[in-house]
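**Student:** Quick one: sequence and predicted model below, then my questions.
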Amino acid sequence: MKRIILKSFIILSLVAFLSSCADVLNAPTQSSMDESFIFSTPVLAEEAVMAIHQSFAEQNSYRGRFIPYYGLNTDIEWYNTSEKTTDDKATLTGYNPKVSDSNMNTADNAWAKMYEGIERANLCIRGLRTFGNVQTNEQLAQLLGETLTLRALIYNDLIKAWGDVPARFEPLTTSTLYVAKSDRDVIYKQIIADLAEAESLVPWPNGSTVTSSTERVNKAFVKGLRARICLAASGFSQRPDGTVRRSTDPDLTVEKLYPIVKQECLDIINSYTCQLGTFEQNFRNLCQDKVTAGLESLFEIPFSAGRGRVLYTFGVKHKTNDQYTEQAQGGVNGPLPNVFYDYDKDDIRRDITCVPYYWDFGVQNGSKWGGAYQVPNKISQWYFGKLRYEWMRRVVTSTNDDGINWQCMRLADVYLMAAEAINELESPSAAAPYLKAIRSRAFPTNSTKVDAFMASATAGKETFFNAIVDERALEFCGEMLRKADLIRWNLLDTKLSEARTKMTALAYRTGSYADLPDKIYYKTAVDGESLVIYGLEHGNTDAEGAALNYPTNKGWFISDGLNNLTDDKISSLYQLDPNSHQFWPIWQVFLDSSNGTLTNDYGY
Amino acid sequence: MKEAKPQKKLFFNRLMLAFLAAIFTISTVNAQVKSVTGVVKDALGETIIGASVIVKGTKAATITNVDGAYNLNVPSEGKVLVVSYIGMESQEVNIRGNVINVTLQNVDKSLDEVVVIGYGTAKRKDITGSISSVKAEELASIPVSSVAEAISGKLAGVQVTTTEGSPDADIKIRVRGGGSITGDNKPLYIVDGFPVESINDIPSNDVEDLTVLKDASSTAIYGSRGANGVIIITTKSGKEGKITVNYNAFVSFKKIAKTLNVLTAPDYAKWQYELAMLKDGVPTSYEQYFGSYNDIDLYNNVATNDWQNQIFGRTGFTFNHNLSINGGTDKNKFAISYNHIDDKAIMQLSNFKRDNINFKLSNNPNKKITLDFSTRYSGTEINGGGANEQNEVSSTDSRLKNVMIYPPFPIKNLTSASGMTDDTEVGNLYPPLVSISDNDRQQKRTTFNMAGSAAWEIFTNFRVKSEAGYDNYQNSDYRFYGTTTSYSTDKTQTAPKDLSGLPAIVLNNDFRTTFRSTNTINYDFKKILGTDHHLNAMVGQEYIIQQLEEMTSNVQGFPSFFNSTNAFKLTTQGTATSTDNYYNPDDKLLSFFGRANYDYKSRYLLSATFRADGSSKFSEANKWGYFPSAAIAWRISSEPFMEMTHNWLDDLKLRFSFGTAGNNNIPSGQMIQSYQSSITTYINGFSSIWRASKTMANPDLKWETTTTRNIGLDFTLFNSKLNGSLEAYLNTTTDLLINFPVPGSGYETQYRNMGETENRGIEATINWVALNKKNFGLNFSANISFNKNRINSLGIMNDYGQDSKWASTDIGVDYWVAKGGSVGQMYGYLSDGRYEVSDFSGYNATTKKWILKDGVTDCSPVIGTLRPGSMKLKDLSGDNLVTEDNLDRKVIGDANPIHTGGFTMNGRLYGFDLSANFDWSYGNNIYNANKIEYTSTSKYPYRNMISTMADGSRWTNLNADGTINNDPTQLAAMNANTTMWSPYTKKFVFSDWAVEDGSFLRLNTLSVGYSLPHTLVSALKIQNLRVYVTGYNVFCLTNYTGFDPEVSTRRQTTLTPGVDYSAYPKSRQIVVGLNLSF
């Protein structure tokens, strides 16, 4: 018996020894790299920061959901099919969103992708702070600054869309997986501080190789974003208790934050690292993928050529594949019909912003025309003209994506923010130069009109403020800044109801629209594609139009005896009270997966 | 069982007996003290001639004479008489008095049968745990390609579900319900000692024995992997004796078992017109493709295409043959087998091929040493994309959909883009054949397994065995995405150079190698403990390393005319957008285990096992798991007080076991958030990014543990004519390993330990030999299992819903996971029929809307614009409004059957044999998602429907003149005889109308065979020649209206069982085959 036990023991212990001598149970990850190496190596760290953009570009993220739908509807922009009021896209943009909206209520929706971006940013920030020598390595410093900025950008957008949201500034752990929403003020304070830090880390445009492209974060954008966030943080918004008010936090008052806005904006303007150029050039550059820093564009989300739906959503509509595009898209969203008439006829921004036609083939003289040409639409449906397939240098062939960058901020915004803050802090006259810079650009050959405008605008603080409110509409129409502006000014319901009134007047041609003719008269220009159109301007008459003897005309306001711009369409601008529906609800799928920590406020 | 003895033999026996009796009588003459006489009989009362009668502990012995009588002189020290006879159980009788008559019982073969247990074998009678097994003979009568399919309905407590009708269909095996909520409930598969991922590639012919370990006392020996049961397969090995050659072949013909009727061409056109009018108020979208409504009569003459027949209608053909050679001497034994199957499936463009080679060699250089070597090769080739696939998030590319609802006649210009408004899949209807060829797939799997072992009996009853093995698995999965697929047209895959809208392929290659080294020591304490006590102890150690390398390449932008064959072979014609060779962290498992089996006089049995597992999948603190178990059994029939029952009760054993086993079935590398490099095509200037894995790390992960308690009763009656067992169990699984979705956190999922589930159940098995004569026999066997699953706790989570996603995002949560509930609870609305005209106060011609009466439930948030005929749902929240939130939905179905089981009948008559295998499931619900898709529009235009919605059944709003009727009285009159609602809904709606009773009884196989008489075949040196005809899926009794009630197609999580969506239809087969042995 002893012998048996002994032998067994020897054999077993031998086996055990053989097994345990090496790292028998050690199985490190293989197709992966260690955090310490990634974040101390600039090329790798840069690719980790770019992963945040990957989250923007996912199907239902910024690409297909947040950019196309967030900024709608406003007093100048709407979802072009808003009249289909039972459609989820119309309820989403028409201030009647559903928790189970079919476009948004998916696990891969913008909400999830924004938090994915935040998590990636949090990991990068931790990694760079722990392992990256940001004090001495400029590249790593730039990356840290860039990450802080991108995180602030996402948080600002989250708050814009959902109000209070969960605050996560550290990488997730199991214990922080389920957290409740935190007050937006907490997040604002954090990101305003983060951006102050980022300013010290990131060079000015063209201050380094990296910042020579608008696809990378530079100091001008950091400052501009900080100014924008300060305006929002000190502005009005709907709170969970239902009230619409400014923050009560002593750190987020107008008195505390407007000086920052002023300082940041002036820093940018006075750095002369960016320049305004012409209005049209900025959008042509955008369409032509020109990303050289130092022009008007401060920062763009760098969608690759086959990604993003910017032009698809906001461009001039092409009904079929044609000489300019193999993607028959555009015109999902457009300006309200009255916006065209809100511009002075000499404002060069008008025809760049509001487009009354789409592109299509047609039959002329019995044979198919050589290429698509512009075909007038009707009063009820306009297209944004800031983005055009015809301005592009490449031909889009993808059916769904166009590859145009999303411009997050341009210099004109900095000028107008400066004007707004200085007017508030100092006086209209002190603020005037910054408004004038923008106005002068809009009227390059008509300085008399500019001077007259400036004279009346500077009459008083409130007058100047109202001038800023209007100027921002004319300048940024189609750039999805308006909704957040209206909310922070507490003008959302006022302006939207004004827009309804304006549209009704327009549809029935009363008031200031009474001088518009019934029809439009048009022909195709000698280039074979441009539209020559008569009848859109105040003072045009049907008699004059008919006398032009253009081959075609049609009812602009009325077809088959009915208004083109129907009452239903006008009222679809907002289905419920906008002011109590400033935010989207958190989608059902995220409520369901929040383990009870998330709930919807604002009456959802 | 007692064989009828031929008369000749009887005479010979009597002669021998007389002779032997004479010798014994002489030799025992001198020791005589006391004389005992008696008669020895068998259970049927027949006298036994030649039974030996010995006085225990002495040399006194004799045998019974021709009359079964004996006469023996017992020495003074003699106390006990031992009576024995070949084929019968020995009996010991105390010597009291001078006449001792003894009745001997037949030895129950089944009790001495060797049963495979983990790391060893045991006799069935000594088993203390819960074990079921199937032997080669039982599998032989079921001509199917894989053993997984063959065991369907054969084992109590083992539910086998063939999830679809395709030749490579996933066969879901669940032992006692499975413990996990969302984890992998797959049992552990062990083939010849080796853990494998799947047993689908094992031909049924190669299997000697398949054993299922069900309770923890049996599975604890597999420690961390045994929680969901263990299925151990032993393949055939060489047997001593003359070389035998077996050849089996069969051919089978199969046809689709059931088809569903769809709308005829004119009815389809009519509905499309009504839909256009309902949707838009104008017929533009109709006229675009179908012409003017005035000409709708023309469709009366248009033939209706039978797509089901065109796609699934061909006669499938299978050829399967198997050759095995087997033989050896006492020193060397070998077995070699070759199996080939070639299966042309019923679906166009799909077929299946498999080759298996199995070779086993055993060598005994001397009595103490045994050397074994085996290799196993399996090569499978599957062509065709099937009807759907699991890794598709939505149902965009489901193929059955196109077969069922593609327009019944060709429509000019109806392309993928028809009716499309943006990327939300509005059009998405493709010609069925195009949809199949555009979703083509080619899979090749190769498994090569090699194992060797050496066993050495160092001294008597002390055996050391060392095993080593290597397993190599390669899987190449080539998927083609034609121009109509969402992968090709979409978006997420767009590369920098625009490649979308062109054919693309994804090439996936997995290489997995597993090394295994096992050492065991076995000692039987026979010599030491004497005859009454038996103790057998085993200790062992095992080390398994698994390495997995996955290579994925995406090639896009092939010329638009390329088909799958071109694309797979001419990859350079496309643009390679991504190559990812991913090395998984190794999966290592180091284990120490031991087992002791003790019994006293085979009457009281005790066994205990213990295993310690260390796994590389867990952090340092949680690496080791310990899994103890114990079982006791009481052989009641061996008790002296049961003696009077011996004439009818052969064996009665009561067992009880308790133990724990684990589950570590999660991917390696969950401990730390690793950074992965991945290709990007989304960002200017960058082609790759570093990002955290989309699965959130969890350093706190540990084993999932299942504790089982099992009580069982085994009985054998009437000379083994009737045997069976009855078991009850209670399994609780704690710290469930779950890949839990965490959308909105920044990650998609996280593995965690969460909650507790419970499975309790009862199982019964019974086998009855009704007749067993030389020329005819009949036996029955049946089993039934009841299992009840319950979620005891969800840990930190509240109750939550799960989305089966068959309709993309249309339906949302359709399964409910709740504390106190079970896994598989379907969640949806209660149907309330349809809105009648009387539900409305009238029609407002200005707003063009029907006005609902006060107090009538408003379902518009779910159904869309309401009008008479709209689908109606019940309001549960009490606000007269049915919304999409959870308040108006409840649990409306349960995928869990109350019981499942099977029964088998085998009969033989002279050369003929007959076997019938039935299986059933009772009380489970099926979520008939097909029915929803085929009877409602959701947002999709131009789709056909099944005849449930035929004209006359569905609500109609259409006047003969092509206008929509809004007159209450007329509308009511028009629909006086219709029964269904109008198919026009905003979205697909899951209500209890689509929950159907999935109970079925299927005659799975019915086989008739004929073995040619020996006299005939022996001339040809043939031992046996049998020909047979088998019908497969002969009939299926069910109330289910879909294709087949045995279905489960949304298998990405185990939370959504029982969904019938786009399943490959099942077929009915006729098999003709032969078995030949030399």
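**Tutor:** Great, that's in hand.
**Student:** which residue packs closest to residue A:515, ignoring adjacent ones?
**Tutor:** The shortest distance from residue A:515 to any non-neighbouring residue, by Cβ to Cβ, 6 or more residues apart in numbering or on different chains, is to residue A:538 (5.3 Å). C-beta here means a position set from N, CA and C on the backbone, and glycine is covered the same way.
**Student:** show me what contacts the one you found?
**Tutor:** Going by Cβ atoms under 8 Å, 6 or more residues apart in numbering or on different chains, residue A:538 touches A:341, A:345, A:512, A:515-516.
**Student:** Can I have the buried ones of the residues you listed as a ChimeraX selection?
**Tutor:** To isolate the buried members of the contacts of residue A:538 in ChimeraX, using 16 or more other Cβ atoms under 10 Å in any protein chain shown:
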select /A:341,516
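**Student:** Just the contacts of residue A:538: which are in strands?
**Tutor:** Applying DSSP state E to those, no entry is found in strands.
**Student:** Could you export the contacts of residue A:538 as a markdown table, including pLDDT?
**Tutor:** Shown next, in a markdown table, are the contacts of residue A:538 (pLDDT from 0 to 100):
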| residue | pLDDT |
| --- | --- |
| A:341 | 95 |
| A:345 | 92 |
| A:512 | 92 |
| A:515 | 93 |
| A:516 | 94 |
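**Student:** Let's see which of the contacts of residue A:538 end up in helices.
**Tutor:** Members of the contacts of residue A:538 lying in helices (criterion: DSSP state H): residue A:341.
**Student:** Return the member of the contacts of residue A:538 nearest to chain B.
**Tutor:** residue A:516 (28.1 Å; Cβ to the nearest Cβ).
**Student:** now the closest one: how far from residue A:379?
**Tutor:** Plainly put, residue A:516 is 9 Å away from residue A:379 if you go by Cβ to Cβ, to the nearest Å.
**Student:** Near chain B, which residues of the stretch 451-600 of chain A are found?
**Tutor:** A:588-590, A:592-596, A:598 (Cβ under 8 Å from any Cβ of the partner chain).
**Student:** Let's have those residues in TSV, adding neighbour count, pLDDT and secondary structure.
**Tutor:** Shown next, in TSV, are those (neighbours: other Cβ atoms under 10 Å in any protein chain shown; pLDDT from 0 to 100; DSSP: H, G, I helix; E, B strand; the rest coil):
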residue	neighbour count	pLDDT	secondary structure
A:588	21	87	helix
A:589	26	87	helix
A:590	23	92	helix
A:592	23	83	helix
A:593	21	85	coil
A:594	23	88	coil
A:595	15	84	coil
A:596	13	86	coil
A:598	18	93	coil
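**Student:** Looking at those, which is nearest residue B:575?
**Tutor:** Within these, proximity to residue B:575 (Cβ to Cβ) peaks at residue A:589, which comes in at 34.9 Å.
**Student:** My read is that the closest one contacts residue B:743, right?
**Tutor:** Yes - using Cβ atoms under 8 Å, residue A:589 is in contact with residue B:743, at 6.0 Å.
**Student:** any common contacting residues for the two?
**Tutor:** residue A:107.
**Student:** What residues does the stretch 301-450 of chain A have near chain B?
**Tutor:** A:302-307, A:332, A:396-401, A:405.
**Student:** Reformat those as JSON lines; add secondary structure and neighbour count.
**Tutor:** Formatted as JSON lines, those follow (DSSP: H, G, I helix; E, B strand; the rest coil; neighbours: other Cβ atoms under 10 Å in any protein chain shown):
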{"residue": "A:302", "secondary structure": "coil", "neighbour count": "25"}
{"residue": "A:303", "secondary structure": "strand", "neighbour count": "27"}
{"residue": "A:304", "secondary structure": "coil", "neighbour count": "23"}
{"residue": "A:305", "secondary structure": "coil", "neighbour count": "21"}
{"residue": "A:306", "secondary structure": "coil", "neighbour count": "23"}
{"residue": "A:307", "secondary structure": "coil", "neighbour count": "32"}
{"residue": "A:332", "secondary structure": "coil", "neighbour count": "22"}
{"residue": "A:396", "secondary structure": "coil", "neighbour count": "26"}
{"residue": "A:397", "secondary structure": "coil", "neighbour count": "19"}
{"residue": "A:398", "secondary structure": "coil", "neighbour count": "25"}
{"residue": "A:399", "secondary structure": "coil", "neighbour count": "23"}
{"residue": "A:400", "secondary structure": "coil", "neighbour count": "24"}
{"residue": "A:401", "secondary structure": "coil", "neighbour count": "32"}
{"residue": "A:405", "secondary structure": "coil", "neighbour count": "23"}
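**Student:** Minimum pLDDT in those, which residue is that?
**Tutor:** Lowest pLDDT within those is found at residue A:399 (74).
**Student:** Just confirm that one contacts residue B:502, I think it does.
**Tutor:** No - with contacts counted by Cβ under 8 Å, residue A:399 stays clear of residue B:502, the gap being 10.8 Å.
**Student:** got a list of what residue A:266 touches?
**Tutor:** Residue A:266 touches residue A:418, counting by Cβ under 8 Å, 6+ apart.
**Student:** Quick check: it vs residue A:454, distance?
**Tutor:** 19 Å.
**Student:** Over to residue B:1020?
**Tutor:** Residue B:1020 is 115 Å from residue A:454, by Cβ to Cβ.
**Student:** of the two, who's got more company?
**Tutor:** Applying other Cβ atoms under 10 Å in any protein chain shown to residue B:1020 and residue A:454 shows that residue A:454 carries more neighbours, namely 19 against 10.
**Student:** In what element of secondary structure is the more buried one found?
**Tutor:** helix A:447-457 (DSSP states H and E).
**Student:** Check residue B:578 too.
**Tutor:** Here residue B:578 is assigned to strand B:575-583, by DSSP H and E.
**Student:** partners of the helix or strand just after that strand in the sheet?
**Tutor:** Next along the chain after strand B:575-583, taking DSSP H and E as the criterion, comes strand B:587-600. Strand pairing for strand B:587-600, using DSSP bridges, gives strand B:533-556 (antiparallel), strand B:604-615 (antiparallel).
**Student:** count of neighbours near residue B:225?
**Tutor:** That count, for residue B:225 with other Cβ under 10 Å as the rule, works out to 26.
**Student:** With residue B:1078 instead?
**Tutor:** Count around residue B:1078 with other Cβ under 10 Å applied: 16.
**Student:** For residue A:524, name its beta-bridge partners.
**Tutor:** residue A:531.
**Student:** any idea how far residue A:371 is from it?
**Tutor:** Taken as Cβ to Cβ, the span from residue A:524 to residue A:371 is 11 Å.
**Student:** give me phi/psi at residue B:529?
**Tutor:** phi -100, psi 0 (degrees, to the nearest 10).
**Student:** how close does it sit to residue B:638?
**Tutor:** Taken as Cβ to Cβ, the span from residue B:529 to residue B:638 is 18 Å.
**Student:** Just want to know which of the two has more residues nearby.
**Tutor:** residue B:638 (17 against 13).
**Student:** hang on, the earlier thing: so where does the residue nearest to residue A:515 fall, helix or strand?
**Tutor:** Using DSSP H and E, no helix or strand contains residue A:538.
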